[in-house]
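Trainee: mind looking at a prediction? Sequence and model below.
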Amino acid sequence: MNVQRTLKRDIQIIGTGLHSGRPARLTLAPAAANMGIWFRRVDVRDRDNMIPALWDMVNDTQLSTGIINEAGVSVSTIEHLMAALAGCGVHNAIIDIDGPEVPIMDGSATRFVAEIQRAGLVEQGQTVTLLEIHETVRVEKGDAFAELSPLDRVEIDFTIDFPGTIIGRQSATLDMRNGNFVHDIANCRTFCRAQDVDTMRANGRALGGSLENALVVDGDHYQNAEGPRRADECVRHKILDALGDLMLAGAPILGRYRGYKAGHALTNQLLHKLFSTAGARSFRLAHAAELPLLPGPDLRDFALLRTG
C-alpha cells in the first residue's frame with residue numbers, strides 16, 4: 001500500500017542535550033494524515049509553541065540542525081530523530097519536548113528507531129506525497145559540495161576526508177529502500193576530533209558530550225575503548241545526518257543525494273536552492289510500486305537492529 005503512516009501510540013524518551021547539556025523529555029505522538037512532522041515546546045506557554053519540521057524553518061546549522069517558528073520558539077539537534085522517523089517510514093507525528101534541544105541518547109538513531117519499532121505504525125489511508133527531482137541542483141563551499149540529482153529511488157552517497165587521523169578518507173553509498181536505514185545506518189554515532197572539544201565547549205557547544213554519546217577521534221586512535229561499531233562508522237553517520245536534514249523537505253525525496261565534506265549547512269542550502277530553482281522538482285503522489293523503494297520499515301528485520 002502506498003499510504004502514509006503514523007505511530008500506533010505515544011512514545012516517551014528522556015535524555016540529555018548534546019550541546020546544551022540540559023535534560024530533555026520527549027513524547028512522540030500520532031498525528032493526522034497530511035500533517036507532517038511538528039515539534040511542540042510544552043515548556044513554552046506564552047506564545048505559539050508549534051514548530052513545523054521544514055527546511056525554511058531552519059535557523060541554526062552549526063554542528064547540528066535547529067528550527068524556529070515566527071514566534072521565536074526553537075528546538076535544536078533534531079537531525080537524528082528526523083532520520084529515525086524518515087528511516088522508519090513515519091510521515092506524520094507530533095513531538096512534544098520540554099526544552100530547547102532533542103536528547104542525544106548514544107549519539108546515533110538507535111534508541112529512536114527501537115522505540116518506534118516497539119510502538120508500531122498504523123496506515124492512514126492517504127497516499128504518500130513524493131518530492132521528485134527533475135534536474136541536478138548543487139551547492140558548494142570551497143571543495144565541499146552537496147547535490148541532488150534525478151533517480152527512480154532514494155540514494156545517498158557521501159565522502160568525508162580527515163587526513164592525519166584514523167578516519168582518513170571514507171566513502172559510502174546507500175540505497176535507502178525499506179529496512180536499509182535500520183540495518184546499515186541507524187547505530188552509527190556522531191563523531192568529533194579531540195582537538196576540537198575545548199573550542200566547542202568554549203563556544204557553548206558539546207556541553208553534554210561524552211564518550212557515551214560520541215565517537216572521539218584522537219589522531220591515530222579513538223578515545224572510546226570499544227572503538228567504532230563499523231569500520232566506516234563516521235561516513236555512515238554523515239548519511240544519517242543527511243537523511244534527517246533532507247526530511248525537512250516535507251516529503252520523501254525521490255532522487256540521489258551526493259555529499260562531499262558536506263554538513264548541515266550545505267544540505268540546508270541545497271534545499272533552499274532546490275525550492276528556488278524553477279523546474280528542478282515537483283511534488284506528486286507515490287505509485288504503489290514506489291513505496292518499497294523509499295525509506296521505511298522492514299518489520300521482519302527490526303530485531304536485527306545492532307546497538308554495538
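Mentor: Structure received.
Trainee: rest of the way, CA atoms for contacts and neighbours
Mentor: OK.
Trainee: what values do phi and psi take at Pro292?
Mentor: Taking degrees, to the nearest 10, you get phi -70, psi -10 for the backbone angles of Pro292.
Trainee: now it, nearest residue through space, not along the chain?
Mentor: Asn178 (5.6 Å; C-alpha to C-alpha, 6 or more residues apart in numbering).
Trainee: how distant is stretch 161-169 from the center of its chain?
Mentor: Once both centres are worked out by C-alpha atoms, centre = their mean, to the nearest Å, stretch 161-169 turns out to sit 24 Å from its chain's centre.
Trainee: now do the end-to-end distance for that stretch.
Mentor: With C-alpha to C-alpha, to the nearest Å as the measure, stretch 161-169 spans 4 Å from end to end.
Trainee: and for that stretch, what's in contact with it?
Mentor: Stretch 161-169 is touched from outside by Thr159, Ile160, Gln170, Val217, Asp218, Gly219, Asp220, His221, Tyr222, Asp232, Cys234, Lys261, with contacts defined as C-alpha atoms under 8 Å, 6 or more residues apart in numbering.
Trainee: shaky segments in the protein?
Mentor: Within the chain, the ranges that satisfy pLDDT under 70 run 1, 298-308.
Trainee: tell me which element the residue sitting furthest away from the middle of it is part of?
Mentor: Ranking residues of the chain by C-alpha distance from their mean position (C-alpha atoms, centre = their mean) puts Asp46 at the top, at 29.4 Å. Assignment of secondary structure by DSSP states H and E places Asp46 within no helix or strand.
Trainee: then Leu240?
Mentor: helix 233-246.
Trainee: just Leu81 next, same as before
Mentor: Per DSSP H and E: helix 79-87 holds Leu81.
Trainee: can you give me the helices in this protein?
Mentor: For the chain, the helices defined by DSSP state H cover 79-87, 110-119, 180-184, 194-202, 233-246, 264-276.
Trainee: hey, what's the closest residue in space to Leu266 that isn't next to it in sequence bridged with?
Mentor: Distances taken as C-alpha to C-alpha, 6+ apart place Ala146 nearest to Leu266, at 6.2 Å, with adjacent residues excluded. On the basis of DSSP bridges, Ala146 is bridged to Val139, Gly259.
Trainee: cheers, nothing more for now.
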